[in-house]
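Q: any chance you can model this:
(2 chains)
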Amino acid sequence: MTEARQLEIFKNWLQQYKALLFKVVRAYAFSESGREDLFQEISIQVWRSIPNFRKESAVTTWIYRVALNTAIRWNQKEQKHQKRQQRLADYEHLLEKKEEKEDPRLDWLYEEISRLDEIDRSLCLLMLDGFSYREMSDILGISESNIGVKIHRIKKYLIEKSKEYDNHGI
Amino acid sequence: MTTMEFEVIKKIWDEQNQQQMYVVNEEALHRNIQSKKRKAIRLTNLNDFGLIGTGIITAMAYTFIAIINETPVIFDYLIVTSLICISGYVWYGRIQRQKTGMRFDRTILGDLDHTISNVDYEVKRSRSMVWWFLLPLAILVVLNMSTADEASIWEWLGIAACFVLSDLLIRWEYIYKQRPKLKRLKDLRTNLLEESE
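A: Numbers count the residues shown, from 1 in each chain, chains lettered A, B, ... in the order given. Here you go, the predicted structure:
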């Protein structure tokens, strides 16, 4: 594959699936600089993965796999966060925040997601984005029954936590 | 206290698809990708090439010195042969590792297993390096120096310091870098596979 073709596919994917990347970034990184760093890391991995994409799965499944994998690893390296933040001073800003009013319940939801461990967090994103157990199993590489157990636990957790949120009505 | 039904939570989640939180600076992103790509190529397999390069360059330097001195002894040949064998061994390990890499699934678990396998390889190599790298070379160098009449105490001390330092560096890398990394990855794998509520 030529580099020009790879770039074309990348730009196309970025255009179509950036919302997916933002969700992963928001669920795994909690500061603006962290989000920039993770977004860059995920973009690089997505770019690198393009020549390996064999169309055996949907593009969303592929991108989710790459993005979650990168986010989980990135999370593991969080101990070196300080060092990363220093390096970020050299970066050009990649993400500009839009000044749009957001449903405060979404903030609450992300906060609860962030309290899950990194594996449950990835499952939670897939579940909320409507992936089937089969698709989740293809992305994570674990059995559908295992997925079922974890999803049940996550749903129960979110519903339970919603009791503590006192601003349901918008 | 009221609870949200899962459908409500899902609706809150889906609303963000209508309005995206960020605008991406695509030009900057592309520049960063290119720069990371170049950096990654430079850093890729630094360990392997570092060891192979060290072995070959030292073997060449040793051969050159032996030719200049015109008094090569059997240990000179043995040291050069060992260095070349060590480089060959590292190269062979690298090829084997690359072949193994093809076998993993394209899933998060597969990627994780692949990383664990690579780190595990590095850990095993670090732990055994004393036996297949440092010790044979140390024995040969000591034997070679003991046959030379003019080796001073400082030369002995210098050689001893080099081997001790190498051993300490190998141990440091194993204890503080590779072993914790392997543990983190294995914990993550356990977490991925555990089913208990």
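
Q: residue 130: what secondary structure?
A: By default, I'm working from chain A. Classification of A:Gly130 by DSSP: H, G, I helix; E, B strand; the rest coil places it in coil.

Q: what sits against it?
A: Counting by C-beta atoms under 8 Å, 6 or more residues apart in numbering or on different chains, A:Gly130 touches B:Lys10. For glycine as for every other residue, the C-beta is placed from the backbone atoms N, C-alpha and C.

Q: ok, B:Cys162 next?
A: Taking C-beta under 8 Å, 6+ apart as the definition, B:Cys162 has no contacts.

Q: for A:Thr61, give its distance to A:Gly148.
A: 18 Å (C-beta to C-beta, to the nearest Å).

Q: same question for B:Tyr89.
A: In this structure, B:Tyr89 and A:Gly148 are separated by 47 Å, where distance is defined by C-beta to C-beta.

Q: isn't B:Ile56 right up against B:Ile86?
A: No: look at B:Ile56 against B:Ile86 with C-beta atoms under 8 Å: they stay out of range, at 9.6 Å.

Q: which one's more surrounded, those two?
A: When neighbours are counted by other C-beta atoms under 10 Å in any protein chain shown, B:Ile86 comes out ahead of the other of B:Ile56 and B:Ile86, with 22 against 15.

Q: if you average pLDDT over stretch B:186-197, what comes out?
A: Confidence for stretch B:186-197, expressed as mean pLDDT, is 78.

Q: residues contacting the residue most central in space within chain B?
A: By C-alpha atoms, centre = their mean, chain B has its centre lying nearest to B:Asn47, at 4.5 Å. If you count contacts by C-beta under 8 Å, 6+ apart, B:Asn47 has them with B:Glu122.

Q: now the element after the longest helix anywhere in chain A, going C-ward?
A: The single longest helix within chain A, with elements called by DSSP state H, is helix A:3-28. Per DSSP states H and E, the first helix or strand lying C-terminal to helix A:3-28 is helix A:32-49.

Q: in that next one, which residues are buried?
A: Neighbour-count burial for helix A:32-49, with 16 or more other C-beta atoms under 10 Å in any protein chain shown as criterion, is recorded at A:33-49.

Q: which of those residues are close to chain B?
A: Taking C-beta under 8 Å from any C-beta of the partner chain, the overlap between the buried residues of helix A:32-49 and the neighbourhood of chain B is A:39-40, A:43-44, A:47-48.

Q: would you convert the residues you listed into a markdown table that also reports pLDDT?
A: Below are those laid out as a markdown table (pLDDT from 0 to 100):
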| residue | pLDDT |
| --- | --- |
| A:Phe39 | 91 |
| A:Gln40 | 89 |
| A:Ser43 | 92 |
| A:Ile44 | 89 |
| A:Trp47 | 90 |
| A:Arg48 | 88 |
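
Q: could I get the phi/psi values of A:Ser57?
A: phi -130, psi 170 (degrees, to the nearest 10).

Q: count the residues that sit near it.
A: Each residue near A:Ser57 was counted by other C-beta under 10 Å, and the total is 16.
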